[in-house]
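K.L.:
Need a 3D model of the sequence below.
(chains A and B)
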Amino acid sequence: MRDYHFAAATVFATLAIILIPAMPLAQVGTSDTTQKAVSAANSFLAMLNDVQRAKVNLPLNKTTRSNWSNLPTGARFQSGATERNGLKFGVLTAAEQEAALALVRSTLSPAGYEKVINIVNGDEMLERATAPQRPASTATRFGRAEYYIAILGKPSVSDPWMIQFGGHHLAINVTVAGPANVLTPSHTGSQPTMYTFNGQTIRPLGHENDKAFALMNALSPAQQKQATLAYEVADVVSGPGHDGEVIQPEGVRASGFTTAQRNMLLDLIREWVGIINADTARAKMAEIQDHLADTYFAWSGGTTNGSRAYFRIQGPAVMIEYAPIGTGTDHIHTFYRDPTNDYGAKVIKQ
Amino acid sequence: MTRTARICSIVTLFVLPITARAHRLDEYLQAARLALAPDQVLLKIDLTPGVDVAPAIFALINTDRDGLISEAEGKAYANRLLKDVVLEVDGQPRKLEVIRSQFPSFHEMQEGTGTIRIEARAAWRATPGHHLLFFRNNHQTDLGAYLVNALLPASPEIAITDQHRDSLQREIKLDIDVQSPPAAAGSARGR
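P.N.:
Numbers count the residues shown, from 1 in each chain, chains lettered A, B, ... in the order given. Okay, the predicted model is just below:
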């Protein structure tokens, strides 16, 4: 097997790059999160001209809401579309970008927003490192300019609408329906999985990786045996284009976990659930906890942190996959779904 | 510094080595899902050739070499794929028929992001009792990287009680229990 090597992309070099600071924000979700999101959406839309507004603000329907992807610009997405909904940052002014980010921030937790920005910044690095080696004919584009913001439906405190923010390795889909904010389905990923920014080491999905290995190693040998899938997993199964599909669960069931193991599993799940604002995340975690005995943890790969490993968490109200792509560990895809409530199915009757 | 100014600021960045883009280039990823319904087994396969093997795969499909995949060429390839697939229920081969297929352009396949999607169905009557389903994908085994999964049956009468795969996920064996005579027609979750 051969991986795609960018010869000159081995960059211990110093790059001057435009990045978005992942500043901590005092934006903890509250009961008025929806009102804040509506205000942020309307502020952003008010900054746009008619043509821009028509591109950003689309109807909310099955076709528009399912147009998201892990793939970079230039690919045909799993939805069949060749472009994401909305406008990309590359055509927005700095002020418009900031308004768009304020909208994204309005429904997320500070940690969730930081994770999002770390993924975007990581992709900017990928663009800087790989662009010089890319043939001019290649349509693929990475980087911050290729992240899209869209608003599906009319921002409302009562009627359903949706915020989409995404690009390569990121799909934040927040369905807003009255007080409910729903994050599923969503996608996080990273390549590189580690970089240095302003002297700090950034691992966008480092907690997910470390907590999963810690949990796997906290299982008894018998539990590990149950958790281990006896086959290679080359890719995820719940990515874009697979709405509504629920696979037969596998792995070890958490009903046999000790309290400590259950807490480790919940802490791992919180890495995805906690991207959304605190109030929403708290309610979602309570739902997952209620079904924890029927939740499965499955693993394929090495058990030493740093090894190449795939894992899956599947329960009645949650499906999480974490998969290394290719042969190494420097390219990760993760997907977070709720089989009962993707796109807010439980709160939107359509 | 204002937030906007921070966004626009140029910062110095030390990048760790990005030595590999890490997409599989010389493999033909084939992801199969099986959905059991009272009256059929539905098979969905997504096939994504890596950039190194995309020209060879495209040539297999585009037999008239005009650079475009015609409906007839797509149908012929889908049928060729199904000939390479084994589906048995209770030891009896089941004939798969193409329901729909979708092909990317050569350009998309060249970029490593073009996915062929094929759906097929085989008739099966879910009679009460225990059943064993066997699926094996023998398509392009010299290039293939495989996934195979069973979807949770939508019909409450059908339960998958056990599943076993080979180490490469080319094949899967499903133990199935059908509790009572299901309704005449039904569909699997996933549509």
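
K.L.:
Residue ranges in the chain under the pLDDT threshold?
P.N.:
Since you didn't name a chain, this refers to chain A. Across chain A, the ranges flagged by pLDDT under 70 are A:1-31, A:349-350.

K.L.:
if you could check chain B rather than the one you did, that'd help
P.N.:
Across chain B, the ranges flagged by pLDDT under 70 are B:1-24, B:181-191.

K.L.:
which residues in it form helices?
P.N.:
Here chain B has its helices, by DSSP state H, at B:3-8, B:54-61, B:71-83, B:106-110.

K.L.:
Next, the contact list for residue A:240, please.
P.N.:
Residue A:240 is in contact with A:66, A:68, A:69, A:70, A:77, A:78, A:79, A:171, A:185, A:187, counting by Cβ atoms under 8 Å, 6 or more residues apart in numbering or on different chains. In short, each C-beta sits where N, CA and C put it, glycine included.

K.L.:
Quick one: which of these is the most crowded by neighbours?
P.N.:
Within these, residue A:68 tops the neighbour count with 29 neighbours, counted by other Cβ atoms under 10 Å in any protein chain shown.

K.L.:
Now for the nearest residue to residue A:247 once chain neighbours are set aside: which residues touch it?
P.N.:
Excluding the flanking residues, the one nearest residue A:247 by Cβ to Cβ, 6 or more residues apart in numbering or on different chains is residue B:149, at 4.6 Å. Contacts for residue B:149 (Cβ under 8 Å, 6+ apart) come out as A:237, A:247, A:248, B:32, B:33, B:34, B:172.

K.L.:
coming back round to it: ok, and of the contacts of residue A:240, which contact chain B?
P.N.:
Among the contacts of residue A:240, proximity to chain B is found for residue A:78 (Cβ under 8 Å from any Cβ of the partner chain).

K.L.:
list the contacts for the spatially most central residue of chain B?
P.N.:
Centroid-nearest residue in chain B: residue B:45, 2.3 Å away (criterion: Cα atoms, centre = their mean). Going by Cβ under 8 Å, 6+ apart, residue B:45 touches B:30, B:31, B:32, B:33, B:81, B:117, B:118, B:119, B:120, B:137.

K.L.:
let's see it at 10 Å
P.N.:
B:30-34, B:78, B:81-82, B:85, B:101, B:116-120, B:137, B:139, B:146-148 (Cβ atoms under 10 Å, 6 or more residues apart in numbering or on different chains).

K.L.:
same thing with residue B:91?
P.N.:
Per Cβ under 10 Å, 6+ apart, neighbours of residue B:91: B:132, B:134.

K.L.:
Roughly how far does it sit from residue B:176?
P.N.:
From residue B:91 across to residue B:176, the span is 13 Å (Cβ to Cβ, to the nearest Å).

K.L.:
shared neighbours, those two?
P.N.:
Both residue B:91 and residue B:176 are in contact with residue B:132, where contact means Cβ under 10 Å, 6+ apart.

K.L.:
In the stretch 101-250 of chain A, mark out all the strands, start to finish.
P.N.:
A:148-152, A:161-167, A:170-177, A:180-182, A:186-190, A:195-197, A:200-202 (DSSP state E, counting those that start in this stretch).

K.L.:
what angle separates the first one from strand A:170-177?
P.N.:
The one in question is strand A:148-152. 20 degrees (axes from the mean of the first three to the mean of the last three Cα atoms, to 10 degrees).

K.L.:
What of the fifth one?
P.N.:
For strand A:186-190 against strand A:170-177, the angle between stretch directions is 160 degrees (the same axes, to 10 degrees).

K.L.:
Then the second one?
P.N.:
Between the axis of strand A:161-167 and that of strand A:170-177 there is an angle of 180 degrees, by the same axes, to 10 degrees.

K.L.:
Parallel or antiparallel, list what pairs with strand A:161-167.
P.N.:
Using DSSP bridges, strand A:161-167 pairs in its sheet with strand A:148-152 (antiparallel), strand A:170-177 (antiparallel).

K.L.:
Dump the ones you listed to TSV, plus distance to residue A:107.
P.N.:
Listed next are the strands paired with strand A:161-167 as TSV, based on distance: least, Cβ to Cβ, whole Å:
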stretch	distance to residue A:107
strand A:148-152	12
strand A:170-177	5
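
K.L.:
Of all residues in the stretch 51-200 of chain A, which one is closest to chain B?
P.N.:
Nearest residue of the stretch 51-200 of chain A to chain B, counting by Cβ to the nearest Cβ: residue A:75, 3.6 Å away.

K.L.:
Sticking with that residue, tell me its helix or strand.
P.N.:
For residue A:75, there is no helix or strand it lies in under DSSP states H and E.

K.L.:
Where do the strands of chain B begin and end?
P.N.:
Using DSSP state E, the strands found in chain B span residues B:10-14, B:20-24, B:28-37, B:40-49, B:85-89, B:92-93, B:97-102, B:116-123, B:129-137, B:144-150, B:158-165, B:171-178.

K.L.:
got a markdown table for those strands, with distance to residue A:136 too?
P.N.:
Supplementary listing: the strands of chain B in a markdown table, determined by distance: least, Cβ to Cβ, whole Å:
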| stretch | distance to residue A:136 |
| --- | --- |
| strand B:10-14 | 25 |
| strand B:20-24 | 17 |
| strand B:28-37 | 27 |
| strand B:40-49 | 23 |
| strand B:85-89 | 40 |
| strand B:92-93 | 50 |
| strand B:97-102 | 29 |
| strand B:116-123 | 27 |
| strand B:129-137 | 37 |
| strand B:144-150 | 30 |
| strand B:158-165 | 43 |
| strand B:171-178 | 43 |
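
K.L.:
looking at those strands, which is closest to residue A:202?
P.N.:
Across the strands of chain B, residue A:202 has its closest neighbour in strand B:10-14 (10.0 Å, Cβ to Cβ).

K.L.:
which non-adjacent residue is nearest residue A:113?
P.N.:
In space, residue A:113 is closest to residue A:105, 5.0 Å off (Cβ to Cβ, 6+ apart).

K.L.:
typo on my end, it should be residue B:67
P.N.:
residue B:106 is the one closest to residue B:67 (Cβ to Cβ, 6+ apart), at 6.0 Å.

K.L.:
do residue A:41 as well
P.N.:
residue A:155 (3.8 Å).

K.L.:
got the contact list for the one you found?
P.N.:
Listed by Cβ under 10 Å, 6+ apart, the contact set of residue A:155 reads A:34, A:37-45, A:57, A:103, A:161-163, A:176.

K.L.:
Need the phi and psi values for it.
P.N.:
Dihedral angles of residue A:155 (phi, psi; degrees, to the nearest 10) stand at phi -50, psi 130.

K.L.:
out of the strands of chain B, nearest to residue A:135?
P.N.:
Closest approach to residue A:135 among those (Cβ to Cβ): strand B:20-24, 13.5 Å.

K.L.:
May I have the distance across stretch A:215-223, first residue to last?
P.N.:
11 Å (Cα to Cα, to the nearest Å).

K.L.:
Can you give me the buried ones in that stretch?
P.N.:
A:215, A:216, A:219, A:223 (16 or more other Cβ atoms under 10 Å in any protein chain shown).

K.L.:
Is it correct that the first one is in contact with residue A:261?
P.N.:
Yes: counting by Cβ atoms under 10 Å, residue A:215 touches residue A:261, with 7.0 Å between them.

K.L.:
For those two, list the residues in contact with both.
P.N.:
residue A:297.

K.L.:
Please report how far residue A:134 lies from residue A:128.
P.N.:
11 Å.

K.L.:
Who has more neighbours out of those two?
P.N.:
Set side by side, residue A:134 and residue A:128 show more neighbours around residue A:128, with 21 against 15, by other Cβ under 10 Å.

K.L.:
what about stretch A:85-98, how long is it end to end?
P.N.:
18 Å.

K.L.:
Contacts only, for residue A:285.
P.N.:
Taking Cβ under 10 Å, 6+ apart, one finds A:266, A:267, A:269, A:270, A:273, A:274, A:318 in contact with residue A:285.

K.L.:
Where strands are concerned, which of these count?
P.N.:
Using DSSP E, the contacts of residue A:285 in strands are residue A:318.

K.L.:
Compile the contacts of residue A:285 into JSON lines and extend it with columns for distance to chain B and neighbour count.
P.N.:
Listed next are those as JSON lines, based on distance: Cβ to the nearest Cβ, whole Å; neighbours: other Cβ atoms under 10 Å in any protein chain shown:
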{"residue": "A:266", "distance to chain B": "23", "neighbour count": "16"}
{"residue": "A:267", "distance to chain B": "27", "neighbour count": "15"}
{"residue": "A:269", "distance to chain B": "20", "neighbour count": "24"}
{"residue": "A:270", "distance to chain B": "25", "neighbour count": "18"}
{"residue": "A:273", "distance to chain B": "22", "neighbour count": "24"}
{"residue": "A:274", "distance to chain B": "23", "neighbour count": "22"}
{"residue": "A:318", "distance to chain B": "14", "neighbour count": "24"}
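
K.L.:
Right, I'll leave it there.
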